[in-house]
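[1] Structure for the following, please:
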Amino acid sequence: MDPHLLRTFVAVARRGSFSEAARELGYTQSAVSQHIATLENDLGAVLLQRRPVSPTAVGVRLLEHAGPLLLRLDAARADIARLTAAPAARIVIGVSPLALTPQLTRPLADIRRTQPLWDMTVRVLSREVITRQVATADLDIGLVDGMTAPNDPLHLPDIGPLTATAVTEQPPAVALPSQHPLADRTGLRLADLADARWIDAPDTAIPLAQLRTASGTDGYRASLRYEGTDVRVLLALTAAGHGLTLLPQPSIEGIPGIKAVLVSAPRLIHRTEVLHSNAVEGPPALLAAALMSVTG
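    Presented below is the predicted three-dimensional model:
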């Protein structure tokens, strides 16, 4: 299966248009049509309905495979480029909104003092995007956070030979408005909050799907969806009564109008991991080593 044809198919399915896909890919519309026809002949199946343009049942199944396949190809190309390119004094770091704790800002400051000529960029991105962009070399290093059981690693997508090292662990807590009936509790069971109203903030707080998995309970209905990455905005929404949210305890404490109540069951921790390619060298490797020396 030719990956160029597969990329064309994904673009057409995503855009819902042969002409839009042609503009995105820099091809002529006739070339895009030929790519799709060749791929369909190769697989012996119709992948796209033409009017309107949409994937068939077979096309939907191929799309499920296409994303991971193309990402692994991009990751392989990036890994080879890392091994053959000269190390650059430019570092691009991706951090999820809750990952850059005070412990982890110190290594960044130390590097800036000892290597003032290095060009360093920090990007706040979602967990999924960070993992993908470290694999494809759009990021040199990632700092990703998430909730897991004690002694378990974060559940990250398997998209290439990446190294993930745990560097900080914090107790998770439920953020509630100060006047909430449960705000004075010393601990809360997640399962007891399944029927409460929650804020769905998948790029900032712990995703609601993880709460369902961790507690083994359905529920956790979202009363509001927050698609930003600013924790202060998320907590302001919580304080205003829009719903509960689960965050590491230190990020909640001291915020006006909010109480942090620890999760008593199940046993969970909020962990941050440093993510980088196995082929990382030069300045990014030095920074990765400095970050991995942090514990707390």
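[2] Low-confidence stretches in this protein?
    Scanning the chain for pLDDT under 70 picks out 82-89, 295-296.
[3] Using neighbour counts, pick out the buried residues of the top helix by length along the chain.
    Ordering each helix of the chain by length in residues (DSSP state H) puts helix 57-84 first. Neighbour counts over helix 57-84 (16 or more other CB atoms under 10 Å) mark 59, 62-63, 66, 71, 74-75, 78-79, 82 as buried. Placement of C-beta: from N, CA and C, glycine included.
[4] contacts for stretch 281-296?
    82, 87-91, 93, 101, 103-104, 106-108, 110-111, 115, 118, 140-141, 143, 165, 167-169, 274, 276, 280 (CB atoms under 8 Å, 6 or more residues apart in numbering).
[5] go again using 6 Å as the cut-off
    Outside of stretch 281-296, the residues within contact range by CB atoms under 6 Å, 6 or more residues apart in numbering are 87, 89, 91, 103-104, 107, 111, 118, 140-141, 165, 167-168, 274, 276.
[6] likewise stretch 197-210?
    Residues from elsewhere that reach stretch 197-210, judged by CB under 6 Å, 6+ apart: 97, 126, 147, 220, 222-226, 229, 231, 234, 237, 242-247.
[7] and if you look at stretch 250-269?
    Under CB under 6 Å, 6+ apart, the answer for stretch 250-269 is 147, 150, 169-176, 178, 183, 185, 187-190, 214, 231, 235, 239, 249.
[8] Can you turn the buried part of the residues you listed into a ChimeraX selection?
    Selecting the buried subset of the contacts of stretch 250-269 in ChimeraX, with 16+ other CB under 10 Å as the burial test, is done by:
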select :147,170,172,173,174,175,176,185,188,190,214,231,235,239,249
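[9] Got phi/psi on the residue nearest the centre of the chain?
    Centre of the chain computed as the mean C-alpha position; nearest residue by CA atoms, centre = their mean is residue 127, 1.6 Å away. When quoted as degrees, to the nearest 10, the phi and psi of residue 127 stand at phi -60, psi -40.
[10] try residue 33
    Dihedral angles of residue 33 (phi, psi; degrees, to the nearest 10) stand at phi -60, psi -40.
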